[in-house]
Structure formats: C-alpha cells, structure tokens
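> the following comprises the amino acid sequence and a computationally predicted model.
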Amino acid sequence: MQVDLVGRRATRFAAIVTTALALTLVLSMLPPAGATPALPRSNGGAVPTLGGLRSPGTSTAELQSQIDNAPMGSTVHFPAGTFIGQLHIDKDLNLVGAGEGKTIFRSPARMQIDALGNVFVVEVGNHSKVKISELTVRVTEQCMLSNSIGVPTGGGIGVGQNASLRVWDVDFVAWGSSANLGNACTTHGSPGTISFGRGLSIGLDDSPGVGTSNQVEGHGWVESDQVRGFDVFSISVGGVRGPSGSTATIKDNVVVVGPGPLTAAYGIVVYGVSVVSDNFVTGEAGSDGGIAVVFTSAIVTDNVVENFTCASIPFPVTPACGVDPFYADQDLGIFLASITPGTVVAHNTINETDAGILIEGPGSPALVDHNTIINSTYYALDLINAHQTFRHDSLKAGLYAVAVAAENANTTAVLADCHLSGFTGGKALLEANYPWVARLVIR
C-alpha cells in the first residue's frame, strides 16, 4: 500500500532559517574533493628511534628541537610531563608520547598565529607524512581570529599544506573555564572571539582578507581518539574557504561536543570526501549537532549519535527552539547539506535529538538505509528543498516521524519499508511556501 501526503500552504518566505543551517549553507560553498587516501600505520620498514628527553620541561622548545633535529622518517619518543607552547612539524616523523594523560601538550596563554590566521598547539605542514600517538593535547581558552563566516580558527592539531596525519590514542581536551566563550576580544591587533576552537582540523581555514593562495588541504586517518569540550568543530575535514581537497577516515573515536555559544558546536564536520564510521558522538548542553557532511560526499556508517537537544542550551538562541522547520531552531544528529553523489548514511543509531537526520538541498540524493532513530524531540527525519528516499529505517518515539519542508523547491520524502511507531503528532509535518509543494510518500 502506498500513502501520499501533500502539503501546499502559503506562508511568508523564510527570512531567517535556523542559525546553524544558515552557517552551514555558507560553509558549503566549496568545490567537491577527490578520493580518500590510505595512510599506513607504519613507515613500511625499520627507522631510527631517537632517545626520549631525559626530563620534561615546562616549554615545548626542547621538544621542537628534537623534532627539528630528527632525521626524516624517524621516531621521536616524548617523556611524561606537561609541555606548554606550540609545535610545528614539516617532515615525515612518528611522534610517540608516554601515554594519554602522561605526555601533555598544552597551549600557552596566547598562541601565535600562522600565515592563515590559525592558532594550533600542533601544526603539521609541508607535504609531510606524520604519525602522532599516545599523548594528550590540551587547549585553553584563546582569543582567536575568525574566518570569513565569523567562526574562530585554530585549536588542538591542524593539518595543512597537503600534509597527511595519522593520529591514534590521543586525547584532545578543551581545558578550563567556559564562562567567557563567545566574548569579543583583540588578538595580534585584530578583533577576535574567545573560544576553544576545534580539537583536530584536517585542512585549515584562512581569516578574512587572506585569500586562497595558500595551500589549505590536509589528509588524515583519525582512529581511537577522544575529543572533548570544543565549542566549534571537534573534528573537521577541509577549511571553510579555499579548495576542499581535504580527505580523511574517521573511525572508532569518542567525541563529546560543546558547549558552543556560536551555534557551531558540531562533533564531526566534513567538507572533503571522508569515511566516518563506528564513532560515538554525544553532546553537552550548548552543543548543536553530531555529524555534518557539507557540499561533498561521505560514507557515514555504524555511528552512535545522541543527546543533541536545543532546549538544553545554556546560551541565547535566535531563533528560539521549536518544531517549525523554517522558523525555529533544532539540534541535529546527522546533517547533510548540498551533498554530492556517493553519500551513504547507514546503520547509525541516533537517540535523543531534536531531529535525527536532516537533509537540505540542493544536492544529490544519498543512500539512507537501516538507521535507527529514537526519542526525537520534533521529528526523526527532516527534509528541506530536496528529494530523498529513506529505506528500512526504524523510527521510534517523538512528535512527528518526518518533517517535509518546501522552502524554495518542491520537496518529496519517500519512506520505503520503514518502521514507524510512537509518534504523538502523527506521521508527518508538511510545510511549504507557495508555489512549492511538500510531499510524503509511504510505501
């Protein structure tokens, strides 16, 4: 049996979309990327190993000296201790700490900016192939410059200049009070924002006016890490401006998102072709979303995403939280914006979110299959300005099973062999601006 539900109602054109959606649509204006490279765990042969430092210092200067003097392709062992400062890596190296919580790289009170306006505790560049494991990176509150859309740049580890990073067993921590997040400040003679920034950036941003002549792409393999407390993106692939040729595989990580007064606190955000699998992504109060794929393709499978609800935010939200897909704000489990062909979202479990999966066009349809979405505040699925089929998904408990919103294009959601149960408001919320039509088909 097939059921068709059609909505066509005249409303004023949406002058304001949710802050998070408006942000992401600006971020999406990047060209598509290439294939994800395979980054090996080993150097493929015996390499010399340098002796570790005899005793930890309070500055990273001695660590930087070890890095600078290490032969290409060698392994550098760092001892236990807290090292305050910034590190730059521009050659093939394997950096190994004494363990998470034992070897700690901590940001100084004021970090120095790179040529793009970014501030990172560790920055990897110069086409190098680098491996980092068994340590902790702590980022204290920083006055950071903002990129072209006003989001602070920098954070824990940044990868650019077409370098590749493999990172595992690393704990990324936003460290210290969050009372000042989002406040205006001045750094290096320019206006900035107090922020923890991002835990790990595979691909860099540039600040307003810098342009895209610098090579911002990075490549990464991110596995078995913990990323906690960052108020912008916990893990990001690709910079906000410039070419989006960054690529990554992100798997088996634990990501705790937020808080984030800038309505940009997302767990894993990719602007370049990526694989995102088997991660656990959860939100603190003030977080905004779990996983986002923006103007690229990605394979998003077997992740657990939970606890992203707008009502828990401790910061002012404009527009206010609510059910209307045009005029209200919702926090999201998985968000796809203007995606390119090849995106797969399958076998994910999403729990306690305002909207489980949001797909916003224009863009190519994704393969959305066998996801389980439980306890949605407003709707399990949300489709705006696109056509999409959802297959074999299990949707349980919430207000509506699906919201279909035609803001500036005809929009059709097809639920094929999906299981729906426990929705108090009904199967669908349909909303359309004249003359567009919002339509739901259930097969």
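Everything's here; your move.

> which secondary structure element contains Gln64?
helix 61-69 (DSSP states H and E).

> that helix - what's its average pLDDT?
Over the span of helix 61-69, the pLDDT mean works out to 95.

> ok, then the element right after it?
Stepping forward along the backbone from helix 61-69, the first helix or strand reached (DSSP H and E) is strand 75-77.

> how about the strands in the stretch 201-350 of the chain?
Read by DSSP state E, counting those that start in this stretch, the stretch 201-350 of the chain holds these strands, from start to end of the chain: 218-223, 226-228, 233-237, 247-251, 254-257, 266-270, 274-277, 280-283, 289-294, 298-301, 304-308, 332-337, 344-346, 349-353.

> quick one: contacts of the fifth one?
Identification of contacts with strand 254-257 by CB atoms under 8 Å, 6 or more residues apart in numbering yields 225-230, 234-235, 265-268, 279-284, 287-290, 308. Glycine gets a C-beta too; all of them are placed from N, C-alpha and C.

> what is the end-to-end distance of stretch 66-81?
16 Å (CA to CA, to the nearest Å).

> and that stretch, what's buried?
For stretch 66-81, the neighbour count (16 or more other CB atoms under 10 Å) marks Gln66, Ile67, Ala70, Gly73, Ser74, Thr75, Val76, His77, Phe78, Pro79, Gly81 as buried.

> for stretch 110-125, same thing?
Within stretch 110-125, the residues scored as buried using 16+ other CB under 10 Å are 111, 113-114, 116-125.

> got those residues as CSV, with secondary structure, distance to Leu429 and pLDDT columns?
Shown next, in CSV, are the buried residues of stretch 110-125 (DSSP: H, G, I helix; E, B strand; the rest coil; distance: CB to CB, whole Å; pLDDT from 0 to 100):
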residue, secondary structure, distance to Leu429, pLDDT
Met111, coil, 45, 94
Ile113, coil, 46, 90
Asp114, coil, 46, 88
Leu116, coil, 42, 83
Gly117, coil, 42, 84
Asn118, coil, 41, 88
Val119, coil, 43, 93
Phe120, strand, 42, 96
Val121, strand, 44, 98
Val122, strand, 46, 98
Glu123, strand, 46, 97
Val124, strand, 45, 97
Gly125, coil, 47, 96
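
> of all these, which comes closest to Ser148?
For the buried residues of stretch 110-125, the closest approach to Ser148 (CB to CB) belongs to Gly117, at 10.3 Å.

> verify the stated contact: the closest one with Val151.
No. Proximity of Gly117 to Val151 does not meet the contact threshold set by CB atoms under 8 Å, at 11.7 Å.

> intersection of neighbour lists for these two?
Asp205.

> show residues contacting the helix holding Gln64.
By CB under 8 Å, 6+ apart, the list of residues contacting helix 61-69 from outside reads 50, 53, 76, 78, 83, 85, 87-89, 91, 93, 95, 105.

> Asn147 and Asp288, how far apart?
17 Å (CB to CB, to the nearest Å).

> same question for Gly154.
Counting by CB to CB, the gap from Gly154 to Asp288 is 19 Å.

> between the two, tell me which one has more neighbours.
Asp288 (32 against 29; other CB atoms under 10 Å).

> can I assume the more buried one is in contact with Ala264?
Yes. Assessed by CB under 8 Å, Asp288 is found in contact with Ala264 at 6.6 Å.

> ok, of the contacts of helix 61-69, which come out buried?
By neighbour count, with 16+ other CB under 10 Å, the contacts of helix 61-69 hold Leu53, Val76, Phe78, Phe83, Gly85, Leu87, Ile89, Lys91, Leu93, Leu95, Phe105 as buried.

> who are the contact partners of the third one?
Taking CB under 8 Å, 6+ apart as the definition of contact, the neighbours of Phe78 are Gly52, Leu53, Leu63, Gln66, Leu95, Val96, Gly97, Ala98, Thr103, Leu135.

> out of the contacts of helix 61-69, which sit inside helices?
Under the assignment DSSP state H, those contribute nothing to helices.

> could the buried residues of stretch 110-125 go into a markdown table alongside distance to Val273?
As requested, the buried residues of stretch 110-125 are arranged in a markdown table below (distance: CB to CB, whole Å):
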| residue | distance to Val273 |
| --- | --- |
| Met111 | 30 |
| Ile113 | 29 |
| Asp114 | 25 |
| Leu116 | 22 |
| Gly117 | 26 |
| Asn118 | 22 |
| Val119 | 27 |
| Phe120 | 23 |
| Val121 | 27 |
| Val122 | 24 |
| Glu123 | 23 |
| Val124 | 20 |
| Gly125 | 21 |
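
> would you agree Leu399 falls within a strand?
Yes. Read with DSSP: H, G, I helix; E, B strand; the rest coil, Leu399 is one of the residues of a strand.

> count of residues packed around the nearest residue to it once chain neighbours are set aside?
Using CB to CB, 6 or more residues apart in numbering and skipping the chain neighbours, the partner closest in space to Leu399 is Gly425 (4.2 Å). Other residues within reach of Gly425 by the criterion other CB under 10 Å amount to 13.

> now the element after the helix or strand that contains Gly425, going C-ward?
Gly425 belongs to strand 419-432 when assigned by DSSP H and E. Using DSSP H and E, the helix or strand that follows strand 419-432 towards the C-terminus is strand 438-442.

> adjacent strands (with direction) for that following strand?
Strands adjacent to strand 438-442 in the sheet, as given by DSSP bridges, are strand 3-7 (antiparallel), strand 411-416 (parallel).

> got the CA positions of that strand in CSV?
Presented in CSV, the C-alpha positions along strand 438-442 are these (Å, rounded to 0.1, in the frame of the first residue of the first chain):
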residue,chain,number,x,y,z
ALA,A,438,5.9,19.3,0.2
ARG,A,439,5.0,15.7,-0.2
LEU,A,440,5.5,12.5,1.7
VAL,A,441,5.1,9.0,0.2
ILE,A,442,5.0,5.9,2.4
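
> below-threshold pLDDT in the stretch 51-200 of the chain: ranges please.
The model of the stretch 51-200 of the chain has pLDDT under 70 over residues 51-57.

> quick one: the strands in it?
When assigned using DSSP E, counting those that start in this stretch, the strands of the stretch 51-200 of the chain occupy the ranges 75-77, 81-84, 87-89, 93-96, 103-106, 120-124, 129-140, 142-144, 155-159, 163-175, 184-187, 190-195, 198-202.

> angle of the strand holding Gly425 against strand 438-442?
Direction vectors for strand 419-432 and strand 438-442, defined by axes from the mean of the first three to the mean of the last three CA atoms, to 10 degrees, enclose an angle of 160 degrees.

> buried residues of strand 419-432, list them for me.
With burial defined by 16+ other CB under 10 Å, the residues of strand 419-432 counted as buried are Leu420, Phe423, Lys427, Ala428, Leu429, Leu430, Glu431, Ala432.

> then stretch 170-188?
Val170, Asp171, Phe172, Val173, Ala174, Trp175, Ser178, Leu181, Gly182, Thr187.

> tell me how many other residues crowd Ser236.
Each residue near Ser236 was counted by other CB under 10 Å, and the total is 32.
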